[in-house]
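Trainee: Here is the input, now give the coordinates:
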Amino acid sequence: MIRRHPLLWVGAAIVFTVTLLALLASWIAPYDPNRIDVHAILLPPSSEHLCGTDTLGRDVFSRMLFGARVSLAVGLVAVSISIAIGILIGALAGFYGGRIDAALMRMTDMVLCFPTFFLILAVIAFLEPSIWNIMIVIGLTSWMGVARLVRAEFLSLRTREFVLAAISLGVSLPRLFLRYLLPNAMAPILVTAVLGIAGAVLIESGLSFLGLGVQPPDPSWGNILIEGKDNIELAWWLSLFPGLAILITVLGYNLLGEGLRDVLDPRQQP
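Mentor: Below is the predicted model of the structure:
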């Protein structure tokens, strides 16, 4: 299994490690992430400060551990919202077809016309920057791909014999959706959800880097990078370590998603 799907296991190991570090941040972090030490400003990496310190003397390693919580929380909540909306719209469009399908898909196409990141920027600009607003806005602007995917799956499934038999037996619509249709469409949805978490982590980091995401003094990988940008010649570690954290996390989720696609797609089986 490991030899046949190495990407799956490498991605799973990265995701598990990052998630474990985030969950245990309170016990692993050597310092309070918001503790200011004027005697330790911009210290390079050492045995005392593994990833150095920032412009206020705060330990970067501790801030990165707590920042992992923010990034993963945003990814999970935002993807949950987008998956729920996408499943609802895609299921209705794919099952009923006709005018309902045309109306829902034209609405989806209209939202797709707007670049997602700039749409998020426009919405965030009118809201108070907060972690919850970021989660909700990312979720509300990322459901279109899921909707199109679920629609295609339901269009295929609604003509299958087991679905037609369930309809002829008078199975209620909610039961038909939850027991017969949705479980058979979950494989591609799961892959999309895993890949969506990587995208949400990137968006949150980008918003925080622009000052529209998590607000100081709360730590996030994006707002650590802001200090790195302003002190790139004096404190390279402020750019290197959070950048690597984002890279490794996004890579892990992408590898996990690609591995799941290989495992769950019957066309990939020998």
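Trainee: What's the local residue count around Gly52?
Mentor: Neighbours of Gly52 under the rule other Cβ atoms under 10 Å: 21. Every C-beta, even on glycine, is put in place using the N, C-alpha and C of the backbone.
Trainee: what's the closest non-adjacent residue to it?
Mentor: The spatial neighbour of Gly52 that comes closest, neighbours along the chain excluded (Cβ to Cβ, 6 or more residues apart in numbering), is Trp237 at 4.0 Å.
Trainee: mind checking how far that neighbour is from Ile248?
Mentor: Plainly put, Trp237 is 16 Å away from Ile248 if you go by Cβ to Cβ, to the nearest Å.
Trainee: what about the two, which has more around it?
Mentor: Trp237 (22 against 12).
Trainee: surely the more buried one meets Pro45?
Mentor: Yes - taking contacts as Cβ atoms under 8 Å, Trp237 lies within contact range of Pro45: 5.6 Å.
Trainee: low pLDDT regions in the stretch 51-200 of the chain?
Mentor: By pLDDT under 70, the stretch 51-200 of the chain has no low-scoring segment.
Trainee: repeat that for 90
Mentor: For the stretch 51-200 of the chain, the stretches flagged by pLDDT under 90 are 55-56, 70-72, 74-75, 91, 94-98, 101, 109-142, 145, 152-189, 191.
Trainee: For the one helix or strand Val70 maps to, what is the distance to the chain centroid?
Mentor: In this assignment (DSSP states H and E), Val70 forms part of helix 60-96. Its chain's C-alpha centre and that of helix 60-96 lie 5 Å apart, by Cα atoms, centre = their mean, to the nearest Å.
Trainee: Check which element follows it along the chain.
Mentor: helix 98-112.
Trainee: other SSEs contacting that following helix?
Mentor: Helix 98-112 sits against helix 60-96, helix 144-157, with contacts defined as 3 or more Cβ pairs under 8 Å, 6 or more residues apart in numbering; DSSP states H and E.
Trainee: If I take the first one and helix 98-112, what angle do their directions form?
Mentor: This means helix 60-96. 150 degrees (axes from the mean of the first three to the mean of the last three Cα atoms, to 10 degrees).
Trainee: Next up, phi/psi of the residue most central in space within the chain, please.
Mentor: In the chain, the centroid-proximal residue (Cα atoms, centre = their mean) is Ile197; its distance is 1.9 Å. As for Ile197, its main-chain torsions (degrees, to the nearest 10) stand at phi -60, psi -40.
Trainee: ok so, going back, what sits in contact with each of Trp237 and Pro45?
Mentor: In terms of Cβ atoms under 8 Å, 6 or more residues apart in numbering, Trp237 and Pro45 are both contacted by the residues Cys51, Gly52.
Trainee: one step back: got JSON lines for the helices and strands packed on helix 98-112, with mean neighbour count too?
Mentor: Shown next, in JSON lines, are the helices and strands packed on helix 98-112 (neighbours: other Cβ atoms under 10 Å):
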{"stretch": "helix 60-96", "mean neighbour count": "22"}
{"stretch": "helix 144-157", "mean neighbour count": "21"}
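Trainee: Columns distance to Asn231 on top of those helices, output as a markdown table?
Mentor: Formatted as a markdown table, the helices and strands packed on helix 98-112 follow (distance: least, Cβ to Cβ, whole Å):
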| stretch | distance to Asn231 |
| --- | --- |
| helix 60-96 | 12 |
| helix 144-157 | 38 |
